[in-house]
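Asks: got a structure for you, letters missing:
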């Protein structure tokens, strides 16, 4: 029993004397990736630094490089000594701030050329580095919307080329989809048509923060509108026929009454 306690104390002493071997500083960017930014707006990236009590930060550096391509030149955006309240940067539109165990990079006017891989590297007092990375891309408008149909499954599918965060909605004859027409999928890009037969105009509207675009699938014309018009015409014709018949009857009756009066007058003259 005493031997086991002695071994435990020896292990604990080693842990206390050599903390760097068992504790590693880490840094990760908190933004959901990839980050999409509208050109002309502000880019904000925040990274959290996880470290133990023994570790001390000596330097923080933010860099950027192209995401793809052969020339992936890394550009230093800002360098921040831990003991200095100011960060030195190569661009006037980039600011970096430090707050407890977080560091935040702000780029005032983001442009398409600023897309790429962003890195934040934290250096401790022993010279060891740890890096967190994040992909930043341009927020793009909706492009090339189209609608296809799977006739066997009564399914309409809306396609969009490469817009950022597209949202889908459907219209039938310029009105919102009802249960009588169909059911929209959870993602919104598919419409299960329940009406039979499939007829009319089905429009898929795709939008994001930069605007909207739409495409329409045109099926056979719906007969409901034609039947209604035909019924209206038939009713009008019948009404005209009835009115004409009544008018003709009244005229016939008036004429007959006049004829009977003339005959009665002629008969009286003959008698006299």
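Replies: Cool, got the structure. Given the structure is predicted, the values throughout are model-derived calculations rather than measurements.

Asks: and the closest residue to residue 197 other than its chain neighbours, bridged to which residues?
Replies: Nearest residue to residue 197, sequence neighbours excluded (C-beta to C-beta, 6 or more residues apart in numbering): residue 220, at 7.0 Å. C-beta: built from backbone N, CA, C; applies to glycine. For residue 220, the residues forming beta bridges with it (DSSP bridges) are residue 199.

Asks: tell me the contacts of residue 220?
Replies: Contact partners of residue 220, counting by C-beta atoms under 8 Å, 6 or more residues apart in numbering, are 197, 198, 199.

Asks: ok, so what distance separates the first one from residue 154?
Replies: The one in question is residue 197. In this structure, residue 197 and residue 154 are separated by 10 Å, where distance is defined by C-beta to C-beta, to the nearest Å.

Asks: out of these two, which sits in the busier spot?
Replies: Set side by side, residue 197 and residue 154 show more neighbours around residue 154, with 16 against 10, by other C-beta atoms under 10 Å.

Asks: what sits against the more buried one?
Replies: The neighbourhood of residue 154, defined by C-beta under 8 Å, 6+ apart, consists of 182, 192, 193, 194, 198.

Asks: Dump the contacts of residue 220 into a markdown table; add pLDDT and distance to residue 254 as well.
Replies: Formatted as a markdown table, the entries for those read as follows, by pLDDT from 0 to 100; distance: C-beta to C-beta, whole Å:
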| residue | pLDDT | distance to residue 254 |
| --- | --- | --- |
| 197 | 91 | 54 |
| 198 | 93 | 58 |
| 199 | 94 | 53 |
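
Asks: Just give me the closest of those to residue 186.
Replies: Residue 186 lies nearest to residue 198 out of the contacts of residue 220, by C-beta to C-beta, at 21.8 Å.

Asks: Please verify my assumption that residue 219 contacts residue 195.
Replies: No - taking C-beta atoms under 8 Å as the contact criterion, residue 219 and residue 195 are not neighbours in contact, 9.9 Å apart.

Asks: any chance of the contacts of residue 220 in TSV, plus distance to residue 141?
Replies: Supplementary listing: the contacts of residue 220 in TSV, determined by distance: C-beta to C-beta, whole Å:
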residue	distance to residue 141
197	36
198	31
199	32
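
Asks: Closest one of the residues you listed to residue 98?
Replies: Compare each of these with residue 98 using C-beta to C-beta and the shortest gap goes to residue 198, at 61.0 Å.

Asks: where's the closest one relative to residue 206, distance?
Replies: If you go by C-beta to C-beta, the gap between residue 198 and residue 206 works out to 21 Å.

Asks: of the two, who's got more company?
Replies: Relative neighbour count places residue 206 above the other of residue 198 and residue 206, with 25 against 18, counting by other C-beta under 10 Å.

Asks: The more buried one bridge partners, please.
Replies: Each beta-bridge partner of residue 206 is listed here, defined by DSSP bridges: residue 168, residue 213.

Asks: I'd like the numbering to begin with 852 instead of 1 from here.
Replies: Sure thing, new numbering starts at 852, so read that last one as residue 1057.

Asks: Enumerate every residue touching it.
Replies: Counting by C-beta under 8 Å, 6+ apart, residue 1057 has contacts 993, 996, 1009, 1011, 1014, 1017, 1018, 1019, 1063, 1064, 1065.

Asks: Thought residue 1061 was touching residue 990, still the case?
Replies: Yes - in terms of C-beta under 8 Å, residue 990 counts as a neighbour of residue 1061; the distance is 7.0 Å.

Asks: so where is the protein shaky, pLDDT-wise?
Replies: 852-874, 935-936, 1075-1086, 1088, 1100, 1103, 1107-1123 (pLDDT under 70).

Asks: Mind doing that once more with 80?
Replies: For the chain, applying pLDDT under 80 flags the ranges 852-875, 904, 920-922, 933-941, 951, 1075-1123.

Asks: domain ranges for it?
Replies: Per the record, the chain has its domains at 871-989, 997-1069, by automatic domain parsing.

Asks: Distance from the first one to the middle of the chain?
Replies: Average the C-alpha atoms of domain 871-989, do the same for its chain, and the two points are 29 Å apart (C-alpha atoms, centre = their mean, to the nearest Å).

Asks: Please name the bridge partners of residue 887.
Replies: For residue 887, the beta-bridge partners under DSSP bridges are residue 988.
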